[in-house]
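1. sequence and computational prediction follow.
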Amino acid sequence: MTPSEAVAELESGRARPVYVVAGEEALFVERVVTAARAHVVDAATAGFNIDVFDAGEGSIERVLDSARTVPMMARRRLVILRGAERLDKGGDDEAPSAKKGVRVSPLDRLADYVAAPADTGCLLIVGAKLDARRRVVTLAKKQGFFVECAPLRNAALPGFVRDEAKRRGHAIASDVAESVVDLLGGELGPLTDAVERLSLYVGERAPITSEAVEACVARVRVGSVWGLADAVAAHDRATALRLLDENYDPKDRGLPLLGLLASSIRKTLKLRALLAAGVGAQDAARQAGIPPFRANEAAQQARRFGEGELERAIAVFAEVDLALKGSRRPPLLVLEEAIVRLT
């Protein structure tokens with residue numbers, strides 16, 4: 001079950017007795033927990049019917065007793081157990097089983113409950129890393145209430161931005177969503193904040209455009225980045241350095257500019273490979289993530305790069321990324337040296 005599916009289920013009032021919410025993407029985890037708090041228990045009785053526990057800070061029996069407790073003036077109770085991965089070690093919290101002398105780990109006690117939960121409770125078992133071999137996990141996966149909150153792959157990040165915009169009632173083109181990712185990187189928190197700012201900026205139901213991104217997210221002009229890449233392809237050092245200076249912002253050490261520039265080079269490399277395979281300019285641009293109106297211009301740019309130059313540019317930008325994040329050298333100087341190396 002995806003986090004979105006779990007949230008939709010909770011919001012519809014069809015909460016299950018148990019959810020195992022596992023993964024290291026905190027934003028997804030908190031969305032599931034927030035949806036449960038808002039929709040499992042009525043706000044008027046929440047004080048009586050919500051319990052939150054941190055794993056390892058008390059007996060697992062307290063958690064299970066709370067989950068089995070009859071709700072007060074409500075249909076259901078909500079019990080949240082955070083840090084469930086800490087129970088994997090067992091330890092002092094182990095409880096005796098029905099078999100004399102055998103100790104049962106807290107996770108196995110949870111699994112016993114999960115196998116036959118109280119229908120008047122909703123138990124959220126939250127953990128960053130849960131062993132997939134543990135019975136509580138295998139039961140959750142088999143019965144469909146395992147909520148996987150894993151970090152997104154880079155290729156999925158533009159789709160996440162589009163989904164966030166759609167949730168707020170806005171359309172956003174694929175290339176604009178990609179530029180937001182290039183500017184901010186792969187952490188979902190900053191991406192979500194950026195979409196929220198863009199939503200407020202463009203107004204209700206209005207599309208999120210590249211102009212809005214330039215105004216709200218960074219001063220880098222996306223169009224100028226293509227011009228910078230074109231100047232690098234043409235070995236026009238003077239123009240490349242001028243465009244670099246015009247778009248460089250000392251407040252962000254040039255990282256958004258580098259991200260956009262590296263992204264444009266990667267797309268150009270993919271475009272050139274598609275063109276070499278016989279794909280038409282429009283289709284090749286679409287597959288490479290380049291806006292259709294820029295297809296012919298981008299195809300010409302791809303042909304201007306010499307053999308191995310695009311691959312070399314990607315390697316140089318990787319070095320620049322490390323230098324900007326870890327070196328004490330002036331960031332603009334680092335970027336200028338990279339442009340000189342490439343032109």
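-> Arrived safely.
2. for residue 21, phi and psi?
-> phi -110, psi 100 (degrees, to the nearest 10).
3. so what's it up against?
-> 6, 29, 32-33, 124-127, 147, 149 (C-beta atoms under 8 Å, 6 or more residues apart in numbering). Bear in mind the C-beta positions are built from the backbone N, C-alpha and C, glycine included.
4. just give me how far stretch 262-279 sits from the chain centre.
-> Mean-position distance between stretch 262-279 and its chain equals 26 Å (C-alpha atoms, centre = their mean, to the nearest Å).
5. and if you look at stretch 52-67?
-> 30 Å.
6. so which bits of it are buried?
-> Buried residues in stretch 52-67, counted by 16 or more other C-beta atoms under 10 Å: 53, 55-56, 60, 63-64, 66-67.
7. quick one: contacts of it?
-> Counting by C-beta under 8 Å, 6+ apart, 51, 77, 79-87, 93, 95, 106, 109-110, 113, 117-118, 121, 123, 127 sit against stretch 52-67.
8. hmm, try it at 7 Å
-> 51, 79-84, 86-87, 93, 95, 106, 109-110, 113, 118, 121, 123 (C-beta atoms under 7 Å, 6 or more residues apart in numbering).
9. residue ranges with poor pLDDT in the chain?
-> Applying pLDDT under 70 to the chain flags residues 89-102, 218-223, 292-293.
10. what's the most distant pair in the contacts of residue 21?
-> Pairwise distances across the contacts of residue 21 (C-beta to C-beta) peak at 14.8 Å, for the pair 6 and 127.
11. excluding its backbone neighbours, what's nearest the most centrally placed residue in the chain?
-> Centroid-nearest residue in the chain, with C-alpha atoms, centre = their mean: residue 188, separated by 3.8 Å. Closest residue to residue 188 apart from its sequence neighbours, by C-beta to C-beta, 6 or more residues apart in numbering: residue 27 at 4.5 Å.
12. the one you found belongs to a helix, doesn't it?
-> Yes: judged by DSSP: H, G, I helix; E, B strand; the rest coil, residue 27 forms part of a helix.
13. circling back to that earlier point, which ones among the contacts of stretch 52-67 are found in helices?
-> Among these, DSSP state H puts 106, 109-110, 113 in helices.
14. how's the chain carved up into domains?
-> Following automatic domain parsing, the chain resolves into domains at 3-148, 154-216, 222-342.
15. helices of the stretch 101-250 of the chain, residue ranges please.
-> 106-115, 135-143, 157-167, 174-184, 188-202, 210-216, 222-233, 237-247 (DSSP state H, counting those that start in this stretch).
16. go through the fourth one and flag the buried ones.
-> Buried residues in helix 174-184, counting neighbours by 16+ other C-beta under 10 Å, are found at 175-184.
17. cool, and the first one?
-> Applying a neighbour-count criterion of 16+ other C-beta under 10 Å, one finds 106-111, 113-114 buried in helix 106-115.
18. just give me the closest of these to residue 259.
-> For the buried residues of helix 106-115, the nearest to residue 259 is residue 107 (41.4 Å; C-beta to C-beta).
19. quick one: contacts for the closest residue in space to the closest one that isn't next to it in sequence?
-> Excluding its sequence neighbours, the residue lying closest to residue 107 (C-beta to C-beta, 6+ apart) is residue 87, at 4.9 Å. The contact partners of residue 87, taken as C-beta under 7 Å, 6+ apart, are 55-56, 60, 106-107.
20. okay, residue 87 and residue 33: tell me how far apart.
-> 18 Å (C-beta to C-beta, to the nearest Å).
21. now residue 79
-> With C-beta to C-beta as the criterion, residue 79 and residue 33 are 12 Å apart.
22. of the two, who's got more company?
-> With neighbours defined as other C-beta atoms under 10 Å, residue 79 and residue 33 compare such that residue 79 has more, 27 against 20.
23. could you work out the end-to-end span of stretch 154-174 for me?
-> Using C-alpha to C-alpha, to the nearest Å, the end-to-end distance of stretch 154-174 comes to 14 Å.
24. ditto for stretch 109-120
-> 19 Å.
25. which one of the buried residues of helix 174-184 is nearest residue 256?
-> Distances from residue 256 to the buried residues of helix 174-184, taken by C-beta to C-beta, are shortest for residue 183, at 4.2 Å.
26. hmm, back to that, distance to residue 250 and secondary structure added to the buried residues of stretch 52-67, as TSV?
-> Converted to TSV, the buried residues of stretch 52-67 look like this (distance: C-beta to C-beta, whole Å; DSSP: H, G, I helix; E, B strand; the rest coil):
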residue	distance to residue 250	secondary structure
53	47	strand
55	45	coil
56	46	coil
60	53	helix
63	51	helix
64	56	helix
66	53	helix
67	54	helix
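27. just those now: which is nearest residue 304?
-> residue 55 (58.4 Å).
28. tell me the secondary structure for residue 34?
-> helix.
29. tally up the residues packed near residue 341, please.
-> 12.
30. who are the neighbours in contact with the closest residue to it other than its chain neighbours?
-> Nearest residue to residue 341, sequence neighbours excluded (C-beta to C-beta, 6+ apart): residue 316, at 5.9 Å. By C-beta under 7 Å, 6+ apart, the contact set of residue 316 is 338, 341-342.
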